[in-house]
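S.K.: how would this look folded up:
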Amino acid sequence: MREYPFSIRWQFATKSKPTDLWPLISDTNRLFKKIGQLPIQHAPVSQDLPKGHREYTFEQIHRLDIWEEEPYEWEAPYHIKVKKTYRNGLFKNLLFSISISEHEEGSAVAFTFSGDARGYSSKFRVKRLYNSRLKRKFKKVLQEYDQILLTNDSHKNNGTFFLKRNYGKWAKLTEELTEFSGDPELSEKLVRTIKDSDFTVLKNLQPLEVAKYWDAPLHRVLDILFHASKIDILNYRWGIVCPDCKLVQQEIQQLSESTNPLYCNNCQKEFELDFHNSILLTFEPSPIVRKLPDKTFSFGNPARQPQVKMLQYVHPGQKKFIKIKLEPGNYKIYSDKLNGIVYASVSEEGMEHATLTFNKLYPNDQHVKLSTNPNLVLHNQTDERIFIKAEDLDWKRYCVSASEVTSLQQFRNLFPRELLRQNEKMKATSVTVLFTDIFNSSSLYNNEGDESAIGQVINHFEILRRIVREERGATVKTIGDAIMAVFQYPADAVRAFNRAQDYFKNNSSSESPIYLKGGMHVGDCTALTLNNTIDYFGNTVNIASRLVEKASSQELVISNEAYRCQKLRNFLKDKQDKITVSDFDTSLKGFEEIDFEVKRLSMSKSALRLVV
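M.R.: Residues are numbered from 1 along each chain as shown. Next up, the predicted model:
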């Protein structure tokens, strides 16, 4: 049958910059729904598809098109494309791409459709399909995105008038949530979000995204989401992601439903659950409040992997030119078929141009320094096609993990049965463990008397819990006058310790203000349910607790593993007029055969002292 090649390109001007447009345009599930595409579903016809490829068809029974879809390729925030190969129907193959280029007044956005159509009549059918009406739909979507960015309300949906008419229902929900949570501002915002938002957004409410669009602290957002879940306005669920591709492989309602190991359909291999890094919290409206259609318009869209800034296929021998925009931080650039990883440190001072070579001769890791807007050349020196990813290593920017949530006191109070199965042990990798203790507890009791001192200690626990929480940590337990807390990163733990010590030093009304001492270490732990709470065990915990013994008043002793955190070093550099850093070697009880190199962070530094 004769094939008809075609190429159609529409370009529109927008007032928004590429970095602002990207979170909206990269959500192709939402985009395709807005332009009127039919919902799709999996159609597993073939048994030997290449890795990452999927087969789909339209949900409508009168549309029999079946196509094989390659993984999306993208360069954030400038380019997206996806290729589809059809088994039947109008097209033999179709390449859809979106290009975003920046100019002084905003961006130029181009949508391109190219490929081959089947049969002589296809020439006219393609023109009829990509008509001026569809073009106007794309233009209208971009105008809506501009308006969304202007009002900073990315959840807004213009097609929910039938929901808005029932004013009494939404007012009652707002009143109930306000009474239960004690937060009228966020109660009103949440109910308005549920009422007005596009259902494609509501099916996967991420706490961090909600906090960003509400311009509210994460701890307040989590509070309102927990309270709304308790009174059945929302449902929360746990998404289990593959540690390699970071795609959700399973969703469970309770942690006790988790099983090990799991299989990743995308990577085609098993993986072990990681309590700290692979179990993520999301929300959606309860069906009794707003029932969401069970429809999907795009399964592989880049918005599902916001931490992946680039994904590209590179053919054997090919040199591919890439332009991406990155936030300062640490990234890894790697291939699916090679062992070596390129670790990139991104800053304004990094290289603007770099060639990254991928071959089988040099399997070792490499390190490069890149600018925030680098031009890259990806050179594939292997004899097979490979895909190459650039992934942000700061997972905390995109999700809230089970380890962060389950140690929050508010969550424990509202959902006391949300625990791992009894006797189940689960690994938790790269956990930052902080112990704090009261350095002057004896003098506090002697000077203040038992009753007053106990009151101050209890108050000190409440202040520590609040500050730990605000720095995205979680208090695991109290032990005497000490607390144990876990964090995503060492910088957050040091920031929390410093804030707490400043508070106690500057807000004490007694003759004996509280002085803290602390210890911190980073490493792998084991999470399990003990005494109706989730606790952490292992050498990482033991070392952190022993380091407290080496600290004096207003001091935090941290391991060298913790000090390697670049964010921590940046924080200490900014605080060099208030925090002294010094090195020393020590041995720890229970680890007598090991000589530990540690850092002492002193928070009592005067303004005239210098950093060691």
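S.K.: average pLDDT for stretch 227-237?
M.R.: Averaged across stretch 227-237, pLDDT comes to 96.
S.K.: okay, buried residues for it please.
M.R.: Within stretch 227-237, the residues that count as buried by 16 or more other C-beta atoms under 10 Å are 227-230, 233-236. (C-beta placed from N, C-alpha, C; glycine too.)
S.K.: in helices only, show me the residues you listed.
M.R.: 227-230 (DSSP state H).
S.K.: can you lay out those residues as a markdown table showing distance to residue 133?
M.R.: Output for those, formatted as a markdown table (distance: C-beta to C-beta, whole Å):
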| residue | distance to residue 133 |
| --- | --- |
| 227 | 45 |
| 228 | 40 |
| 229 | 42 |
| 230 | 46 |
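S.K.: just those residues now: which is nearest residue 455?
M.R.: residue 227 (28.7 Å; C-beta to C-beta).
S.K.: how much space separates that closest one from residue 283?
M.R.: Remark: distance between residue 227 and residue 283 (C-beta to C-beta, to the nearest Å) = 12 Å.
S.K.: repeat for residue 57
M.R.: 30 Å.
S.K.: between these two, which has more neighbouring residues?
M.R.: More crowded of residue 57 and residue 283, by other C-beta atoms under 10 Å: residue 283, with 23 against 20.
S.K.: could you list the low-confidence segments of the chain?
M.R.: The model of the chain has pLDDT under 70 over residues 1, 61-63, 152-166, 362-363, 508-511, 605-612.
S.K.: between the two ends of stretch 21-33, how far is it?
M.R.: Using C-alpha to C-alpha, to the nearest Å, the end-to-end distance of stretch 21-33 comes out at 17 Å.
S.K.: same check on stretch 330-346?
M.R.: Stretch 330-346: ends 6 Å apart by C-alpha to C-alpha.
S.K.: only the buried residues of it, if you could.
M.R.: Those would be 331, 333-335, 338, 340-342, 344, 346, for stretch 330-346 by 16+ other C-beta under 10 Å.
S.K.: next, give me the two most distant ones among those.
M.R.: So, those by C-beta to C-beta: farthest apart are 338 and 346, at 21.6 Å.
S.K.: so which bits of stretch 364-375 are buried?
M.R.: By neighbour count with 16+ other C-beta under 10 Å, stretch 364-375 contains the buried residues 368, 370-372, 374.
S.K.: taking the residues you listed, tell me the two that lie furthest apart.
M.R.: 368 and 372 (13.6 Å).
S.K.: the residue of the chain positioned farthest from its centre in helix, strand or coil?
M.R.: For the chain, the largest distance from the centre (C-alpha atoms, centre = their mean) belongs to residue 120, which lies 48.4 Å off. When classified by DSSP: H, G, I helix; E, B strand; the rest coil, residue 120 comes out as coil.
S.K.: quick check: it touching residue 126?
M.R.: No - if you go by C-beta atoms under 8 Å, residue 120 and residue 126 don't touch, sitting 11.8 Å apart.
S.K.: okay, and the common contacts of these two?
M.R.: By the contact definition C-beta atoms under 8 Å, 6 or more residues apart in numbering, residue 120 and residue 126 are jointly contacted by residue 4.
S.K.: the longest strand anywhere in the chain - contacts with which helices or strands?
M.R.: Counting residues, the longest strand found in the chain (DSSP state E) is strand 341-358. Using 3 or more C-beta pairs under 8 Å, 6 or more residues apart in numbering; DSSP states H and E, the elements in contact with strand 341-358 are strand 329-335, strand 366-380, strand 386-392.
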